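> Okay, sequence plus prediction incoming.
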Amino acid sequence: MMIWPLIILISGITFAALIFSARRNSSQEPGEGTEPPEDFVDDDIQKTEEHFKLQLAGIEADLKVGKLNEIDAENAKAELARELLHHRALLKNAVKAVEKPWTGIALVGASVLTIGVAIGFYLILGTPDDTVLVRVGDMQAQAQAQVEMGEEFEAALAKVETQMRIDPEDVQGWQVLAPAYIRAGRFDDAVNAYRKIVELAPLTADTQTDLAEALLMSGQEEDLNEVMSLLGAAVNMDPTHARSRFYLAAEATRSADWDTAIKHWEELLALGDGTEPWYDTAQSGLAIARARGETPQPLTTPPVTSQPPVLADPEQADLIRSMVAGLDERLNSEGGTVEEWTRLVRSYIVMGDIEAAQKNYDSALVAYPAKEARQELDAVAREAGLKIPAE
Amino acid sequence: MSIELGHFALVLAAALALAQSSVGFMFWRTGGRAASFVRQAAILQFVLVFASFIALIQAFVLSDFSLKLAYGYSHSLQPLIYKITSVWGNHEGSMLLWVLILTGFGAAVAWFGKKLPHDLMALVLAVQGALGAAFIMFTIFTSNPFLRSNPVPLEGRDLNPILQDIGLAIHPPLLYVGYVGLSICFSFAIAALISGRIDAAWARWVRPWALASWTFLSLGIAMGSYWAYYELGWGGWWFWDPVENASLMPWLAATALLHSALVMEKRNALKVWTIFLAILSFSLSLLGMFLVRSGILTSVHSFAADPTRGMVILAMLTVVIGAAFALYAWRASSLRSGGLFAPISREGALIVNNLFLATAVVAVMVGTLYPLLLQAINGTLISVGAPFFDLTFGILVTPLLLLIPFGPFLAWKRGDMIGVIQRLAGAAGLTLLLMIVFTIVSGGEISLATLGLLIGIWIIVGAIAEPIDRAKFGKFDFAQSWRRLKGLPKITWSTTLAHVGVGISVIGVVSVTAWETERVDSMMMNQTIELAGYTVTMVDESRRQEDNFIADKVTFKVISPLGWEDTVASEKRVYTASNQPSTEAGILTYGLSQLYVSLGDADETGARVVRLWHKPYITLIWYGFVFMAAGGFLSLSDRRLRVGVPKSARNARKKTTTSVPAE
C-alpha cells in the first residue's frame, strides 16, 4: 500500500501549486474586498494595445528600409490610429473587473474540492492495492507449495478459467491451465487444455507428448490408440525426444511386444549419457524386454526404482510429485472420495512408485470396504499388478 | 505501482479540468487572481496527463500485462518502437494521446499567452478546461486505459499487423495535433462571443493556433495517405473513406479559417464569419472523432464498436456544437462589423476562397453522412463512392484552384483587376508555353488530364510570380530587385510555398489518375512480365522468421525503361501471436514516379499472384503537402506583425516607385 503516501504527495503538490498561484497574485494586486483601481482595467487595455504598438513599429521599420513609401506609411498609421481609438472606446465601456470579496475563499474551496473529487473518483475506479493481482510467477509458486495453498490455489485456477471463458483462443492461458489441472488431479480438464494447446500453438513433440501424458493420466482405456498415435508422431517429429520414447518403450513392454520394446529402450538409452533421471529405469526396462518378460510390468511402470521415471522436464515432474504428495497427505489425514483414492493410486502407478500405490490402495480398502464402491479402483490396481483382496 | 499512479494522475487531471473550467467561467471578469488560478490549473493538468501517458508507455515497454490494454494490444516480442506506438494503436490509448495534446495546447496558451488580457485568458482556458474535463471523463468512465487484468496473462495478444509500422508513430500524433489544435481556435471564438470583445488583436492571437493546426493536419493527412498507400497493399492514395473524409472536412474548414483570420487581422473584417469558421472547424474535428470511435463505420480506422461510447460521444458532440452555435446565434449580431472593402480586393478574393472551401466541406459532408443517416432512418444501405466525390469536389475545387494566383496580387480594400491580369499575363503565357511543350513532347492529345496539368502548373507559376512581381524584376536593375526579393517578409514566402505546394499536389493527382497503369498476373520463379516499359522478373522466394511474425518474401529484379537494374521485395506476413496476415508492398521510386509490387497468395502450382502498378509522378501528391506544411512553419516563424496598407486604385496604377503591396 505504498501508493497512498505518493497519492497524498501528488495531491499536496497540486493543492499547493493552485493556492500559490492565487496567493502570489493577491500580493501584487488589490487585497480582497477592496475596489480595484482604474489601472486594473487598464492592464488589459495595455496588453491589447501592445498589438497596435507592434504594428506601428512594423510600419516604421518598413518605412526606414524603404519597403513602404511615405504616403503608404501615413495611410497605414492613420488606419491604425482609427482602430486604436475604436478599441479604447470599446474597453472603456466594458464592465470593469471587480474582484469579489470571497474570490480567495472560492479559489481555496475549488482547490480542496479538486483534490477531494480526484481521490473519490480514484477510490471508485482504481486498484490501489495491486498486490491482489495474481501474476503468473505467483501461480507457479502456489503450485509448488500446493499443500499449503489449499483453497487459494483453486481460487487462482478459477480466475484463470474465467479469463479463458472470455478469451478461449489465448494459448498462453491454456499453457498455464494445463499443468495446473494436472497438479490439481483434474486429468480430464488437463486433456482438454492440452488439446487446445495442440490446436492453437505450433505443433511440437513436447505438446503432443503432453497431451498423450494427460490422456494416460485420465486413464481411459479407449484413449490408448490416440496416446500411441501422439507419441509416435512426437518421435517422428523429433527423433531425439526422450519422453515420448520412454512412454512408447513402456507401453511396448506392458503389451509384451518385446522386439519393439527392445528397439525403443535401446534408442532411448542411446540418447542419454547415464545422468538422466530416467536412465536407470530404461536400463531395467531393456533387461526385462530382453528376458522376454520374466518380470511382467504394468503400463508405464518400468522396474520399481527410487527415481520416478516421469517426464524429462524436472520442473513438471516436481510439480506432479508435489501434487500427488499433497493429495496423499490430505486423503490419509482427512479422508476423501473413492474417486480421489483412485486418482492417487493411479498417480503413483504412473510415477512408477508401486510401493506407495499399494500402500494407498490398502488405505482405500479400509475407507471403502464394500467392493461395489471401488470397482474402478480395483480395476486400476489389478491392471497394475497390485495385490487386491480375493474375489 | 506506476500504473496506479498514472491512473490517479489522470483522475486528478479530470478534477483539475473541472475546477479550471468552473473558476474560469465564474470569475473571468474579476481580474488577475482567477486568471492565474486557471493558468496554473491548465499547466498542472498537462503535467499530470503527461505523467499518466508516461506510465502507460512504461507498462507497454515492460510488457506489464497486468494492464488490460497492454495485454490486448501488445506482445513481449514486439520491437521497442512498436511497443511504444501500440500505446495509441487502440481506442483507449489514443484517447489518452488526444487528451495529452488537448491539455498540451491548453498549457501552451497558459504559458505563452502571458500577454493576453486577463478576461480573455480566463475565458479561453475555461472553455479549454470544459473540453478537457469532457474528454478526460469520457476516457476515464468509458475508455479507461488503466484497467487491470486479474489474473495477469502470460502474454499479450499483439497489435493489429497493419498498425505495426512506423506510420503509427507519425500519422496519429500529427493528425491529433491538427484536430486538437483547432480546439484553441474554438475556445478563442467562444471567449470572444461571451466577452463581446473581438478585434484585430483577437485575430492575431488566434491565427498562429489556426496555422499550427492546419500545418499539422496537412502533414497528418499526407502521412496517412502515404501510409495507407504502402501498407494496405491496394496501391491507392485516397479512398474517399468516411474516416478520410472526416479529416478532410476540418482541413478544408481550417484552410478557410486561416484565410479569413488573415482578413480579420489585417482589415478587421469578416469577424462573424471567422468566429463561425473557428467553431465549425473544431466541430468537424469532433464529428471525425464520432465517426471513428462510435462504431458506426467499419474501417481500418474504426477503433471501437461500443454503442455506449458512441452514444456518449454523440451526446458530447451535441452539447459542444449545440451550445457553441446557440451562443453564436445569440451573440453574433452584437459583434461590430469590420472595415469596408470593394468586391475586387484581397478581402474579396479571400471571401471567394472561403465560399468555395465551405461549399466543398458541405459536399464532402453530404457524401459522407447521407448514407449513414439513410441507414439510421430506414435501414437502406447505399454507398457513396469515388465517382460522387470526384465529380462534386472536382467541380467545386477547380475554379478555386484557377483563382489562387489572383488573390496575392490584389490589394487590400480595393483591388485593380485589370492591373492584376496584366501582372499575371507573363505567368499565364509561361504556363501555356510549358503545356504546349509538354503536349508536343509526350505526343499526347488535349484531354481533361492535360487541362488538369495546366491548372497545376498555373498555380505554381502564378505563386512564384508574386514575389518576383513584388521585387520588380525588369523594372529595377537586377541587384536592386534581388535585394527587394531577399527583403520580402516571410509571410510572402510562406504563401508562395503553400500555393506552390497546392500546384504540385494537383499535378501529382492528375498524373496518377490519368496515366497510372496496372497489371495483375500469376508468376512463377524466373518468369518475366512487362509494364509501362519496366521488365519485372521473379528471382527469389524465401521464408524468414522474425520475433513476432513469419514472412514469405519474394524478390523481383526490375529493369527500368532507361536500363537501370534494381531489386524489390514484397512480403506476405503472418503475425504469430494473433495469426493475422498482412501484405508488405515493394516500392521502387524512379525520380518522382514509382513502381509498386504487391504479392498475393500462392496457388497449388506454386505460382504467385502479383499485382504491379506504375504510378507516374505520384510522389508529387505528398511532396505538395510537404511544401504546404513548410509554408505553414515558415509563416509560424515570422514574428513580424504587419498591417494592411490601404491603397487607392489610383495610387496603385500610378505608382512605379518602391512601394511594396501589403501581404
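Arrived safely, thanks for sending.
> How many residues are close by residue 171?
Answering for chain A, as no chain was given. For A:V171, the neighbour count with other C-beta atoms under 10 Å in any protein chain shown is 17. To be clear about C-beta, it is placed using only N, CA and C from the backbone, and glycine gets the same treatment.
> looking at chain B here, not the other one
Using other C-beta under 10 Å, B:H171 is surrounded by 23 other residues.
> How far does the strand or helix carrying B:L10 sit from its chain's centre?
Following DSSP states H and E, one finds B:L10 within helix B:2-27. The chain centroid and the centroid of helix B:2-27 are separated by 29 Å under C-alpha atoms, centre = their mean, to the nearest Å.
> Could you list every helix and strand in contact with that helix?
In terms of contacts (3 or more C-beta pairs under 8 Å, 6 or more residues apart in numbering or on different chains; DSSP states H and E), helix B:2-27 is packed against helix A:3-28, helix A:103-125, helix B:32-61, helix B:91-112, helix B:118-142.
> list the buried ones in the fourth one?
In other words, helix B:91-112. Neighbour counts over helix B:91-112 (16 or more other C-beta atoms under 10 Å in any protein chain shown) mark B:91-110 as buried.
> angle of it against helix B:118-142?
170 degrees (axes from the mean of the first three to the mean of the last three C-alpha atoms, to 10 degrees).
> Could you list the buried residues of the helix or strand hosting A:E383?
Assigned by DSSP H and E, A:E383 belongs to helix A:375-384. Neighbour-count burial for helix A:375-384, with 16+ other C-beta under 10 Å as criterion, is recorded at A:L377, A:D378, A:V380, A:A381, A:E383, A:A384.
> packing partners for that helix?
Packed against helix A:375-384 by the contact rule (3+ C-beta pairs under 8 Å, 6+ apart) you find helix A:338-351, helix A:354-367.
> quick one: that helix to helix A:354-367, angle?
Computed by the same axes, to 10 degrees, the angle separating helix A:375-384 from helix A:354-367 equals 150 degrees.
> angle of helix A:375-384 against helix A:338-351?
20 degrees.
> Just give the closest residue to the most centrally placed residue in chain B, not the sequence neighbours.
Closest residue to the average C-alpha location of chain B: B:L217 at 2.4 Å, with C-alpha atoms, centre = their mean. In this structure, B:L217 finds its nearest non-sequential neighbour in B:G178, 2.8 Å apart by C-beta to C-beta, 6 or more residues apart in numbering or on different chains.
> Assign the one you found to helix, strand or coil.
helix (DSSP: H, G, I helix; E, B strand; the rest coil).
> and it, what is it in contact with?
For B:G178, the contact set (C-beta atoms under 8 Å, 6 or more residues apart in numbering or on different chains) comprises B:S213, B:W214, B:T215, B:F216, B:L217, B:S218, B:L219, B:G220, B:I221, B:P250, B:W251, B:A254.
> now B:V610: how far from B:A261?
Per C-beta to C-beta, to the nearest Å, B:V610 is found 50 Å from B:A261.
> Those two - which one has more neighbours?
Higher neighbour count among B:V610 and B:A261: B:A261, with 26 against 22, using other C-beta under 10 Å.
> B:K114 is in what secondary structure piece?
Assigning secondary structure by DSSP H and E places B:K114 outside every helix and strand.
> burial count for B:W238?
A count of nearby residues for B:W238, using other C-beta under 10 Å, gives 17.
> B:V536 - that's part of a strand, no?
Yes: residue state for B:V536 (three-state DSSP) corresponds to a strand.
> who does the helix or strand containing B:K557 touch, helix- and strand-wise?
According to DSSP H and E, B:K557 maps onto strand B:549-559. Strand B:549-559 sits against strand B:534-545, strand B:565-575, strand B:593-602, strand B:608-615, with contacts defined as 3+ C-beta pairs under 8 Å, 6+ apart.
> Report the angle between the second one and strand B:534-545.
Orientation of strand B:565-575 against strand B:534-545 (the same axes, to 10 degrees) gives an angle of 40 degrees.
> Just say helix, strand or coil for B:F186.
helix.
> So it is in contact with B:V127, correct?
Yes: if you go by C-beta atoms under 8 Å, B:F186 and B:V127 touch, sitting 7.1 Å apart.
> ranges for the helices of the stretch 201-350 of chain A?
Here the stretch 201-350 of chain A has its helices, by DSSP state H, counting those that start in this stretch, at A:205-218, A:224-237, A:242-254, A:258-271, A:279-290, A:314-334, A:338-351.
> Which one of those lies nearest to B:R33?
Judged by C-beta to C-beta, the one of these that comes nearest to B:R33 is helix A:314-334, at 66.5 Å.
> one step back: and the helices and strands packed on strand B:549-559 as JSON lines, adding distance to chain A?
Output for those, formatted as JSON lines (distance: least, C-beta to the nearest C-beta, whole Å):
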{"stretch": "strand B:534-545", "distance to chain A": "11"}
{"stretch": "strand B:565-575", "distance to chain A": "12"}
{"stretch": "strand B:593-602", "distance to chain A": "20"}
{"stretch": "strand B:608-615", "distance to chain A": "24"}
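> would you list those in TSV and tack on mean pLDDT?
What follows is the helices and strands packed on strand B:549-559, written out as TSV (pLDDT from 0 to 100):
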stretch	mean pLDDT
strand B:534-545	91
strand B:565-575	90
strand B:593-602	91
strand B:608-615	93
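> could you list every residue that touches B:A376?
Contacts for B:A376 (C-beta under 8 Å, 6+ apart) come out as none.
> Quick check: buried residues in the helix or strand containing it?
Using DSSP H and E, B:A376 sits within helix B:346-378. By 16+ other C-beta under 10 Å, the buried positions in helix B:346-378 come out as B:346-354, B:356-361, B:363-365, B:367-369, B:371-372.
> Could you check how many residues crowd around whichever residue of the stretch 401-550 of chain B sits closest to chain A?
Relative to chain A, the nearest point of the stretch 401-550 of chain B is B:G487 (6.5 Å; C-beta to the nearest C-beta). Residues near B:G487, counting by other C-beta under 10 Å, number 14.
> and if you look at B:T308?
B:T308: 13 neighbours (other C-beta under 10 Å).
> I'd guessed it sits against B:T142; true?
Yes: counting by C-beta under 8 Å, B:T308 touches B:T142, with 6.2 Å between them.
> Nearest to chain A within the stretch 201-350 of chain B, name that residue for me.
For the stretch 201-350 of chain B, C-beta to the nearest C-beta, closest residue to chain A: B:A201, 4.0 Å.
> which one of the helices and strands packed on helix A:375-384 is the most hemmed in?
Mean neighbours per residue, mean count of other C-beta atoms under 10 Å in any protein chain shown, is largest over the helices and strands packed on helix A:375-384 for helix A:338-351, with a mean of 22.
> What separation is there between A:M217 and B:T589?
61 Å.
> again, but for B:W482
Computed as C-beta to C-beta, the B:W482 to B:T589 distance reads 35 Å.
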